Structures are given as structure tokens and as C-alpha cells.
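S.K.: A predicted structure for the sequence below; I have some questions about it.
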Amino acid sequence: MSILVVGSVAYDTVQTPVGNRGDALGGSATYFSVSASKFEPVSIVAVVGTDFRQEHFEMLTSHGVDISGIESVKGSTFRWSGVYGADANTRETLDTQLNVFAQFTPQLGVNHRQHSYLFLANIEPSIQLDVLHQMQRRPKLVALDTMNFWIEGEREQLGEVLKEVDVVLMDENETRSFAGKQNLTEAAGYIREIGPHTVIVKRGEHGVLLFRQGSVFTAPAVPLRSVVDPTGAGDCFAGGFMGYLASTGDLSDDGFRRAVVLGSVMGSFAVESFSLDRVQSVSEEEVEERFRLITELTRFKPLLDRETLPFSDTEHQVH
Ligand code: AMP
């Protein structure tokens, strides 16, 4: 069942230990839709300025993304710039220019209001809530991503949206910062009490944690030799995650676990190049190969029913 996403469509200027890229195609909705479109059709709701390049509309349509919900208005497209430290998990935002997003009030068409899967990608929480409220009926699954910029600047409004969503995705620093708790299990519990039944904590190269009703699951990141630009990894993760759930309709615990693994796989392609260069060209075989790799990375022999571990018989001497 196709997916509706609202989020940023942007031009990013990024510095990483490997190099720099200026005015590269980015944005949470852009990364998400190219990643998710490998599994299920996606429609975008967003706004761009008159400087948005035709070739970028064409790239999205070449992936089957429905761009009829992207408004073009006078002004500049959203711009973000950031710098990464030697450790790819640390990022500093240098500049955020909302530009045309500052005045954006989405108007959903009839066909967009009927999607069963809704992804509220990283953008101003009031825009996320507005889109959610315009849906004709409650979608089967609503997931939300956000960022420190909104956690710090629009905390109250973000809290309002959180009450109405099923799944929240945040990176580990955002999770701690929003919950005001260092311990991630405690922080995820705090967020789940607000409303979402599922909290996904992204930990970059350390993998991901999935907290659901009474269960915790973890998936590693794909070990990579070369990380070029971590930008968009979270959105591509969300694309693989939502793409799997929307395409299979499997919202069971096993379905969520597989979706998280597929998310990790799609995130791993995002970091291998600047912008969407690598994600765009990923083949089904490459996705399957990394999915199998994660299965192998986490495979071990479980304890059989009556089997015990080889404790030494000096255990009683340890105090
Ligand atoms: P990620 O690396 O997955 O967290 O997403 C990075 C993308 O988010 C970049 O392409 C940016 O254009 C976009 N972005 C950065 N800051 C914001 C913001 N405050 N609101 C919406 N999108 C943003």
C-alpha cells in the first residue's frame, strides 16, 4: 500500500572528513522517498523554491515517486549545512534556512488523503500535524522522524504530534535530549508513554534499537570500510523500514524486526556517497546481499532447553 511522506526537500552543503559538497540534493522527504520507492510507491508533500532544478524533479519521477504534492513557489528552496567530525556519529549543524518552508501550509489532494501509510519526515512539527489531520481516515501506520532543531525550538508542538503517532524514529542524542534522560531504555520508555507504541533509536555505526510493547530488538549497522557522507542515513533507514511494512502489510513483531533490518541496509547505502548518488543506483541483489549479511552477523547457536553455560565450579567462591 503506497506511502505518503511530508518532509523537507532541500539543497545541502556538507563537510565530512572525506570531502565537501555544496548545494547537493537532500532533504528528509527526498532521501526517504528514493529509499522507500525500492519497495513501494511513494507520494511526497513538500514545497520547493523557483531555484529547484528540473533534473531533480526528473530524478524523483524516474524512481516512480509521485511529485504532484510538491508545490513550487517564489523564493529559495530549504537549505541546510552541516559538518561531521572524524567520528561519523557526530554532526554539527552550521546553518538551517527554512526559506519557502517558513510559509508552507500543505493542501492535500483527495488522492493523498487516502494513503494507509504516512511518514512524517523531519520538518516543522506543526506541518507534520497539519498533514496528519488532513488524512481522510486514520492511516494504518503513522511514523515520525525529527531533529534537534525542532526538539529545541518547537518542543511543545512536537509533543502534540507525538501523541498521535504509532512509531517514532530518533537518533540516540535526540532521544536523550527529548526525554531528558541519559539511559536510552528509560528515554524510550518515556517517549512511549506519550503515545507511540514503538520507538526506534538510531545509533549510527552502532546499529539500532527497537522498543515495542514489552520487547526490545537490536540490529547492527552494516560494517563498512568507507563512509563518505552520513547525511540522509536516518531518512534512508526510515525509507527501508516503512517500505517493507507498507509493501508486506506485516505489522507483527517479526515484521517490525525485518523492517528494522531493511532500514539498516538502506542506511548503509546512504553513507557510501554524497547526496543520493549511491542510494539511487542500488539494485535488488545488493539490498538482499546486505540483508543476508546482517542475518549472518547476528546468528549464533541459542541455548537449548536444558543446556547450561560452562560455568566453572568455583562460582561459589566469587564474592
Ligand atoms: P538525516 O541525516 O537522515 O538526519 O537527514 C539529513 C537531511 O535532513 C538533510 O538532507 C537536510 O536537508 C535535512 N534537514 C536538516 N535539518 C532539517 C530541519 N531542521 N528540518 C527538516 N529537514 C532538515
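M.R.: It's in.

S.K.: for A86, which three-state class applies?
M.R.: coil (DSSP: H, G, I helix; E, B strand; the rest coil).

S.K.: pull the number of nearby residues for it.
M.R.: 7 (other CB atoms under 10 Å). The way it works is simple: take the backbone N, C-alpha and C, and place the C-beta from them, glycine included.

S.K.: go on, A102?
M.R.: Neighbour number of A102 under other CB under 10 Å is 11.

S.K.: ok, now how distant is it from the ligand?
M.R.: 12 Å (CB to the nearest ligand atom, to the nearest Å).

S.K.: please apply the same query to F237.
M.R.: For F237, the distance to the ligand - CB to the nearest ligand atom - is 7 Å.

S.K.: pLDDT of the helix or strand containing that residue, averaged?
M.R.: Here F237, judged by DSSP states H and E, is contained in helix 233-248. The average pLDDT within helix 233-248 is 98.

S.K.: and stretch 296-303, by the same measure?
M.R.: Here the average pLDDT along stretch 296-303 is 96.

S.K.: next one: stretch 169-177
M.R.: 97.

S.K.: what do you get for stretch 107-127?
M.R.: On average, stretch 107-127 scores 97.

S.K.: that one and the ligand, are they touching?
M.R.: Yes - Stretch 107-127 is in contact with the ligand by CB under 6 Å from any ligand atom, via 122-123.

S.K.: now stretch 6-22
M.R.: Yes - using CB under 6 Å from any ligand atom, we find that stretch 6-22 touches the ligand at 8, 10, 12.

S.K.: quick check: the gap between the last one and A238.
M.R.: What that stands for is D12. In this view, D12 and A238 are 17 Å apart by CB to CB, to the nearest Å.

S.K.: and the two? Which one has more around it.
M.R.: Legend: neighbour count by other CB under 10 Å for D12 and A238, higher for A238 (31 against 23).

S.K.: isn't that one up against F32?
M.R.: Yes - if you go by CB atoms under 8 Å, A238 and F32 touch, sitting 5.4 Å apart.

S.K.: what about dumping the CA coordinates of stretch 226-233 to PDB?
M.R.: What follows is stretch 226-233, C-alpha atoms only, in PDB (Å, rounded to 0.1, in the frame of the first residue of the first chain):
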ATOM      1  CA  SER A 226      34.400   3.600   3.700                       C
ATOM      2  CA  VAL A 227      31.900   6.200   5.000                       C
ATOM      3  CA  VAL A 228      31.700   9.200   2.700                       C
ATOM      4  CA  ASP A 229      28.800  11.200   4.000                       C
ATOM      5  CA  PRO A 230      26.400  10.200   6.700                       C
ATOM      6  CA  THR A 231      23.700  12.700   5.700                       C
ATOM      7  CA  GLY A 232      20.400  11.100   4.900                       C
ATOM      8  CA  ALA A 233      21.200   7.800   6.600                       C
END
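
S.K.: hmm, it in reach of the ligand?
M.R.: Yes - contact of stretch 226-233 with the ligand (CB under 6 Å from any ligand atom) involves 231-233.
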